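Colleague: when you get a sec, could you give me coordinates for this:
(one chain, ligands or ions: 1)
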Amino acid sequence: MKTPSHAALITGAARRLGRAMALCLAARGYDLVLHYHSSEADARQLKHEAEGFGAEVHLLQGDLRDLNWVESLMQQAHTALPHLNLLINNASAFYPRRLTESDLQTLEHFLDLHLKVPFILTRDFARHCGTGQIINLSDSQVNKYPTAYAPYILSKKALAELTALSAKSLGPQIRVNAIAPGYILPPVDGNPDEAAQWQTRTPLQRLGQIPDITQALESLLDNPFLTGQTLWVDGGHRL
Ligand SMILES: NC(=O)c1ccc[n+]([C@@H]2O[C@H](COP(=O)([O-])OP(=O)(O)OC[C@H]3O[C@@H](n4cnc5c(N)ncnc54)[C@H](OP(=O)(O)O)[C@@H]3O)[C@@H](O)[C@H]2O)c1
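Modeller: Below is the predicted model:
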């Protein structure tokens, strides 16, 4: 389905789930501002592929831990594409740290990426764009307490609260929802044994796949009565 006059900003878009969502949106007729940090070659390739769908595509490079730069990010995106009406807070870090192993820098790292950056971008999306949708990438473990990932999960819990608070604050002009993936892609430096364990403990007895995420994205885009919602794309693993 072609969706004219729509445009999205995706953080951390160059690879993996960000890339898949970008191509899904380009195929639906969205123009794109694709933020990336270190994956320049992947970002350029993605821009080329998205342009193949007829999309106008802009790349924005930056470290999201530079919060002064983040304060200008939405304005840059909105100047590039004044019809911007979708924000996807996707950029993420993921590595284990138990509470007793964690220092404040680690906590700050996760809070920057998963709370402060989405907070700034959500506020600025409302200010600059006025109407549209925001989708936050959560985690299917967000209502649990995986102690090996203490700072990570705390930051994703904070993002879940931001999703609910901003859905209530920004309606009816802006809908805010979350996608909570289970095991879709292995972590970049992850333990390969975790995949098999995860699959065994999942009611649907398989890992997730990229189309599971893009279908969830399309469901949130297409249903105009959803806000403050979390779509659990985890085969039931959280149960
Ligand atoms: N993959 C899964 O199975 C899974 C499971 C549960 C939840 N999720 C959530 O779904 C979302 C996408 O998952 P993913 O696995 O595709 O994400 P990812 O590969 O871990 O990270 C996405 C991008 O975030 C960017 N990023 C990291 N630190 C940054 C920084 N300081 N400044 C700017 N950008 C930074 C990186 O961009 P560059 O490459 O350009 O540096 C990276 O490519 C994440 O929010 C994740 O928490 C995923």
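
Colleague: going forward, measure contacts between C-alpha atoms and count neighbours the same way
Modeller: OK.

Colleague: which parts of this protein sit against the ligand?
Modeller: Selection of the chain residues close to the ligand by C-alpha under 6 Å from any ligand atom yields 12, 14-18, 36-39, 62-65, 90-94, 137-139, 181-186.

Colleague: select only the buried ones of these in PyMOL?
Modeller: To isolate the buried members of the residues of the chain next to the ligand in PyMOL, using 16 or more other C-alpha atoms under 10 Å:
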select buried, resi 12+14+17+18+36+37+62+64+65+90+91+92+137+138+139+181+182+183+184
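
Colleague: just the pLDDT for Leu231.
Modeller: Note for Leu231: predicted pLDDT of 98.

Colleague: that one touches Ala160, doesn't it?
Modeller: No: counting by C-alpha atoms under 8 Å, Leu231 stays clear of Ala160, with 11.7 Å between them.

Colleague: okay, and the common contacts of those two?
Modeller: Counting by C-alpha atoms under 8 Å, 6 or more residues apart in numbering, the contacts common to Leu231 and Ala160 are Ala178.

Colleague: higher neighbour count, the two?
Modeller: Ala160 (26 against 19; other C-alpha atoms under 10 Å).

Colleague: that one: what secondary structure?
Modeller: Of the three states, Ala160 takes helix under DSSP: H, G, I helix; E, B strand; the rest coil.

Colleague: setting the sequence-adjacent residues aside, check what's closest to it.
Modeller: Ser138 (6.9 Å; C-alpha to C-alpha, 6 or more residues apart in numbering).

Colleague: quick one: residues contacting the one you found.
Modeller: Applying C-alpha under 8 Å, 6+ apart to Ser138 gives the contacts Lys156, Leu159, Ala160, Ala178, Ile179, Ala180, Pro181.

Colleague: try Gln141
Modeller: The contact partners of Gln141, taken as C-alpha under 8 Å, 6+ apart, are Ile153, Gly182, Arg238.

Colleague: in helices, which of these fall?
Modeller: Among the contacts of Gln141, DSSP state H puts Ile153 in helices.

Colleague: who are the contact partners of Arg175?
Modeller: Applying C-alpha under 8 Å, 6+ apart, the residues contacting Arg175 are Gly132, Gln133, Ile134, Ala167, Leu226, Thr227, Gly228.

Colleague: mean confidence score for the helix or strand in which Glu218 is found?
Modeller: Using DSSP states H and E, Glu218 maps to helix 210-222. Helix 210-222 comes out with an average pLDDT of 98.

Colleague: where does this structure have its least confident helix or strand?
Modeller: Every helix and strand in the chain was compared by mean pLDDT, DSSP states H and E; the lowest is helix 193-200, with a mean of 90.

Colleague: next one: that helix to chain centre, how far?
Modeller: 24 Å (C-alpha atoms, centre = their mean, to the nearest Å).

Colleague: what comes up buried for that helix?
Modeller: For helix 193-200, burial by neighbour count (16+ other C-alpha under 10 Å) applies to Ala195, Gln199.

Colleague: now do stretch 144-155
Modeller: For stretch 144-155, a neighbour-count test (16+ other C-alpha under 10 Å) marks Tyr149, Ala150, Pro151, Tyr152, Ile153, Leu154, Ser155 as buried.

Colleague: got the phi and psi for Tyr149?
Modeller: phi -120, psi 50 (degrees, to the nearest 10).

Colleague: just use 33 as the starting number from now, easier for me
Modeller: Shifting the count to begin at 33 puts that one at Tyr181.

Colleague: can you pull the pLDDT of the residue nearest the centre of the chain?
Modeller: Most central in the chain under C-alpha atoms, centre = their mean is Asn122, positioned 2.1 Å from the mean C-alpha point. You'll see Asn122 listed with a pLDDT of 99.
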